[in-house]
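Participant: task: produce atomic coordinates for the following.
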Amino acid sequence: MQNPKKPLLSNHLNTENSSLILLMHREEFDHFAPIILKINDSLHLKHCSSLNEIRHALLSPSSETKNTRLIAFCTHVIVPKDCLLSLKGNAYNLHPGPPEYPGIHPQAFALHHKKTSFGVTLHHMTLPTDSGHIIDSHSFPIPPNCTRKELGRISYIAAASLFTQYLKPFSHVHTPLAPNGQQWGSKHYTQKDLTALPPHLLGKPSQSQ
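Facilitator: Coordinates of the predicted model:
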C-alpha cells in the first residue's frame, strides 16, 4: 500500500481574489465547503455539478480564471478542452480507481481480474481522461466475495478520505500539486471493454436468474 505523501506548503496562503471550483454533488460541497473556509476564509468557493455549470463558470464573458483552480471529485462529468485551457493546467481530478485501471468503471475490471486490492487516484486533469500526472493514490484490500456495488461504496469512502487530506493544498490555488512519479496502466478501459464483461459485473441479471 502506498502511503499518501504530505505536500509541503508555505505558511502564507496568498489567495486574494482566488477561486476554487468544486465539481461534485451538492451534498458533498455542503460538507467540504465549511471545512475549506476554516482553512482559508478569503477563498471564493464555487459549486458545479454539470457540464453546463462548468462552462458557465469558466467560459462566460464575466468569468475570471487567472486565479482559479478546479477540483473534480467522484464525478462522471468530463471537462472539455476549452475549459481546461482556460485554467492553464490548474485542474485536478480525484476518483475511484487505482492507476492500474485508467478509463471507465475500474471496479468492474478489478473484480473481473480477481484483484485483491483496489484504490483511488488524484491526478492532474487533462485529455484524454486519466492521462495527466498522478499526484497521489491510496490502495486498500478488496474484501472476499466483494460485489461491484460494495467496492464502489468502499472506494467512495477512500476517495473522501484522500480528498480531506488534500484540503489545505487544494486551497493554495497558486501552488501546483507535485506529481508523485506513479504511472498509469498501459491499457485504457473503454465502453467496448465493459460490455464484454459478465452480466453480474454490469449490474444486469445473469441468464440463470
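
Participant: what's the closest non-adjacent residue to the residue nearest the centre of the chain?
Facilitator: Against the mean C-alpha coordinate of the chain, by Cα atoms, centre = their mean, the closest residue is Leu94 at 1.6 Å. Nearest-residue entry for Leu94: Leu122, 4.5 Å, with adjacent residues in sequence omitted and distances by Cβ to Cβ, 6 or more residues apart in numbering. From N, CA and C alone the C-beta is placed, and that goes for glycine too.

Participant: what comes up buried for the helix or strand that neighbour falls within?
Facilitator: Using DSSP states H and E, Leu122 falls within strand 117-124. Neighbour-count burial for strand 117-124 flags 118-124 (criterion: 16 or more other Cβ atoms under 10 Å).

Participant: out of the residues you listed, which is nearest to Ser18?
Facilitator: His124 (18.7 Å; Cβ to Cβ).

Participant: contacting residues around the closest one?
Facilitator: Residues near His124 by Cβ atoms under 8 Å, 6 or more residues apart in numbering: 89, 91-93, 132-135, 177, 179.

Participant: any idea how many residues pack against Pro99?
Facilitator: Around Pro99 there are 19 other residues, counting by other Cβ atoms under 10 Å.

Participant: was I right about it contacting Asn180?
Facilitator: No. The criterion here is Cβ atoms under 8 Å, and Pro99 misses it with Asn180 at 9.9 Å.

Participant: find residues that contact each of those two.
Facilitator: In contact with both Pro99 and Asn180: 134, 137, using Cβ under 8 Å, 6+ apart.

Participant: what residues sit buried inside the lengthiest helix in the chain?
Facilitator: The single longest helix within the chain, with elements called by DSSP state H, is helix 148-165. By neighbour count on 16+ other Cβ under 10 Å, the buried set for helix 148-165 is 148, 151-152, 154-156, 158-160, 162-163, 165.

Participant: thank you kindly, that will do.
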